[in-house]
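Enquirer: what shape does this take:
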Amino acid sequence: MNLQLPLRAPKITTFHRWVDIILCLFACALCAAITSCGGNPPADSGPAAAPASYASPLDASAQAARGTGLGGTLSPNDLRTHYNMPAQYIGSKQTIVIVDAPGSANVASDLNTFSSYYKLPQCNASNPCFQLIDLSAGARVSPTNDWAIEIALDVEWAHAIAPAATIVLVQARSSSMNDLFAALKVAVSQPNVVAVSMSWGATEYSAETSSLYDGFFSNYPNIAFFAAAGDSGNNGSNQIYPAASPYVTAVGGTSINSLTLPTMANTEVAWAYGGGGASHFEPMPTWQFSFLTATGDSKVLNLNNGKRAIPDVAYNADPYTSPVAVYAKGGWYGVGGTSAGAPQWAAIVANFGHYLAGKGTSVARTLSPSRGLNGLLYQTKLDQATNSAFFDVTAGSDNTSSKPCALCSASIGYDDTTGSGVPNVANLFAHF
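Expert: Purely as a prediction, here's the structure:
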């Protein structure tokens, strides 16, 4: 489905066919397949996740937001500028861990090809900024379950936003949820890890609130966990995990219609297929309830009916309007989806760690009192009257059902489509 992109920008295909075969398509190049919605995962393997490549050629003239990247896609400089990222903070001495299932590409070589094109640091013996931990022991990758494009997106764009950070890819033994969580246990043990990115998930299941799943994330309040919120919109029943976990920061999707700077006014809307909505099993956490109560947002409180609201934040995701390019398996691909946002938010936290080091502190010491990143982000959003750490997204809908959806429209303040909004990174850092 992904085609090489030597001369023209990519065209992104719609994902409706994946819904038809019960695949929860999301995270740009990833979907999670499970046998039933809302049940316990099988004891032997857990829900399975499989990649669903998300790109094909596009006439560049069709793009509303012409970027400076390959084929008119958005470049690292486009996004760093658009989201007001301070140039001096680039993730120095911070570690980002990416957890994915096996892929067939030569990740290290592809990363350096990507980096060469965008004039980013090479990762090599003299600059060991990339490490692969392969729990699959090099097992043969099935052509029907090859995560090569997802891995390229996660690794290359984490490096693009935090070029001085160390990127560790933990490749799970398989795409089962149990194997992915085994990989997460390796992820949190890495030196200097400040953020973990997960561009995968499964339709919510009742066991997600147990000690095996939520209990794992809750044990590490000093690490920021990010998960893509989904690429199949909100049809009322397709919320996904681990994005639904209150201990994970769920990343929704937007469309960048213009790179106009610096105010970003009217430049982003909710992406039509970004995931969101009320969780089926997770109660609304205290920090989210307190925020919505303090802002007087009784409508959102009532519509979520006591359940966790998803997502927490948002980021560029639209593969039609504002795609990014990745290099994998000998060719360039244009991609989009909420899995583009998860690793880039992880990179923002690495840059945050670089910023905090200059103040004599760290991400871990900053997150721990709030019991994780979400409590910190919602409090920062509440305080943004004097320091706008987020750009509010107030237009667009992600309703993919055939019925009206009260939780599907972006609006002023928090909403179940774009969360608290997209980052104004310099202001976010300045809050601390």
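Enquirer: now the helices for the stretch 151-300 of the chain?
Expert: Taking DSSP state H, counting those that start in this stretch, the helices of the stretch 151-300 of the chain run over residues 177-187, 214-218, 286-294, 298-304.
Enquirer: mind putting those helices into a markdown table with distance to Tyr117, mean pLDDT and mean neighbour count?
Expert: Using the backbone N, CA and C atoms, a C-beta is placed for each residue, glycine as well. What follows is the helices of the stretch 151-300 of the chain, written out as a markdown table (distance: least, CB to CB, whole Å; pLDDT from 0 to 100; neighbours: other CB atoms under 10 Å):
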| stretch | distance to Tyr117 | mean pLDDT | mean neighbour count |
| --- | --- | --- | --- |
| helix 177-187 | 28 | 97 | 21 |
| helix 214-218 | 35 | 98 | 17 |
| helix 286-294 | 40 | 95 | 17 |
| helix 298-304 | 42 | 94 | 16 |
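Enquirer: for Ile151, find the nearest of these.
Expert: The closest approach between Ile151 and any of the helices of the stretch 151-300 of the chain, judged by CB to CB, belongs to helix 177-187 at 12.5 Å.
Enquirer: show the secondary-structure elements that the closest one is packed against.
Expert: strand 48-51, strand 95-100, strand 166-171, strand 193-198, helix 214-218 (3 or more CB pairs under 8 Å, 6 or more residues apart in numbering; DSSP states H and E).
Enquirer: let's see 7 Å
Expert: Counting contacts by 3 or more CB pairs under 7 Å, 6 or more residues apart in numbering; DSSP states H and E, helix 177-187 packs against strand 95-100, strand 166-171, strand 193-198.
Enquirer: returning to what we had before: out of the helices of the stretch 151-300 of the chain, which is closest to Leu382?
Expert: Closest approach to Leu382 among the helices of the stretch 151-300 of the chain (CB to CB): helix 286-294, 5.7 Å.
Enquirer: so which residues lie in contact with the closest one, not counting its own?
Expert: Residues outside helix 286-294 that contact it (CB atoms under 7 Å, 6 or more residues apart in numbering) are 300-301, 308-309, 374-375, 378, 381-382, 414.
Enquirer: can I get that helix as CSV, trimmed to CA atoms?
Expert: What follows is helix 286-294, C-alpha atoms only, in CSV (Å, rounded to 0.1, in the frame of the first residue of the first chain):
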residue,chain,number,x,y,z
THR,A,286,-9.0,12.7,39.4
TRP,A,287,-6.8,15.1,37.5
GLN,A,288,-9.2,15.1,34.5
PHE,A,289,-12.3,15.5,36.6
SER,A,290,-10.7,18.3,38.6
PHE,A,291,-9.7,20.1,35.5
LEU,A,292,-13.1,19.9,33.9
THR,A,293,-14.8,21.0,37.1
ALA,A,294,-12.4,23.9,37.5
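Enquirer: check Asn257 and give its pLDDT.
Expert: If you check Asn257, the pLDDT there is 86.
Enquirer: again with Ala64
Expert: 48.
Enquirer: who touches the closest residue to Gly67 other than its chain neighbours in this structure?
Expert: Nearest in space to Gly67, with sequence neighbours left out and distances taken as CB to CB, 6 or more residues apart in numbering, is Leu74 at 3.7 Å. Applying CB under 7 Å, 6+ apart, we find Leu74 in contact with 67, 316, 322, 324.
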